[in-house]
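# next input, structure requested:
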Amino acid sequence: MRKFVVVSFISLPAFVAACSGSGTENEKTASGNQGTETAVPVESVSLASLTGNAAAGKAAFAQCSTCHAVQAGVNKIGPSLHGIVGSKAGTATGFSYSAANAAIGITWTKENLFQFLENPQSVVPKTKMIFGGIPDAQKRADIIAYLENPS
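Numbers count the residues shown, from 1 in each chain. Below you'll find the model as predicted:
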């Protein structure tokens, strides 16, 4: 048991890092009122201004595949994302969602997914998903294009 705890403790930071992405693309540093440094997006981009590339999205989805599958009914640490575009949040069969995700009541439109992939906790506060988001707007658009048709 002790060996499992040690291995789990050592593996957790690597797991979180794999899910969180770089966290610095499309960001710059700016000084706040008290001289502290904060991350500020370089530009505000909407999904409507981008064209997603499903092939690039498949490659970008590799970081997501640690926790999610695109095959129907295949739940991992996270739920299957098969048919996610247009589905209601918290409804994948056989997955135990956080109370926050189950109760959010949103439909995963492409625009909602675009925002969620940038900062999951801002869209679904108290989600149990440990993921820092994808700051690169084009990469988010590509992943959404892939999720629309993952074949």
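# switch to C-alpha atoms for all contacts and neighbour counts from now on
Will do.
# distance of Gly52 from Ser122?
Distance from Gly52 to Ser122, counting by Cα to Cα, to the nearest Å: 23 Å.
# neighbour count winner among those two?
Each of Gly52 and Ser122 has its neighbours counted (other Cα atoms under 10 Å); Gly52 has more, 20 against 12.
# residues in contact with the closest residue to that one other than its chain neighbours?
Counting by Cα to Cα, 6 or more residues apart in numbering, Gly52 lies nearest to Asp142, which is 4.1 Å off, once chain neighbours are set aside. Counting by Cα atoms under 8 Å, 6 or more residues apart in numbering, Asp142 touches 51-58, 60.
# report the buried members of those.
52-54, 56-58, 60 (16 or more other Cα atoms under 10 Å).
# so can I have CSV of these showing secondary structure, distance to Ser96 and pLDDT?
Output for these, formatted as CSV (DSSP: H, G, I helix; E, B strand; the rest coil; distance: Cα to Cα, whole Å; pLDDT from 0 to 100):
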residue, secondary structure, distance to Ser96, pLDDT
Gly52, coil, 30, 94
Asn53, coil, 31, 96
Ala54, helix, 29, 97
Ala56, helix, 30, 97
Gly57, helix, 26, 98
Lys58, helix, 26, 98
Ala60, helix, 26, 97
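# from these, which is closest to Ala72?
Lys58 (16.5 Å; Cα to Cα).
# that closest one and Ser87, how far apart?
Taking Cα to Cα, one finds Lys58 at 20 Å from Ser87.
# any stretches of this structure with poor pLDDT?
Filtered on pLDDT under 70, the chain yields the residue ranges 1-44.
# gap between the residue nearest the centre of it and Thr66?
Centroid check for the chain by Cα atoms, centre = their mean gives Leu117 as the closest residue, at 4.0 Å. Between Leu117 and Thr66 the computed distance is 15 Å (Cα to Cα).
# next: Asn149.
Distance from Asn149 to Thr66, by Cα to Cα: 19 Å.
# just give me the neighbour total for the closest residue to Thr109 other than its chain neighbours.
Of all residues not flanking Thr109 in the chain, Gly86 sits nearest, at 5.2 Å (Cα to Cα, 6+ apart). Applying other Cα under 10 Å, we find 14 residues neighbouring Gly86.
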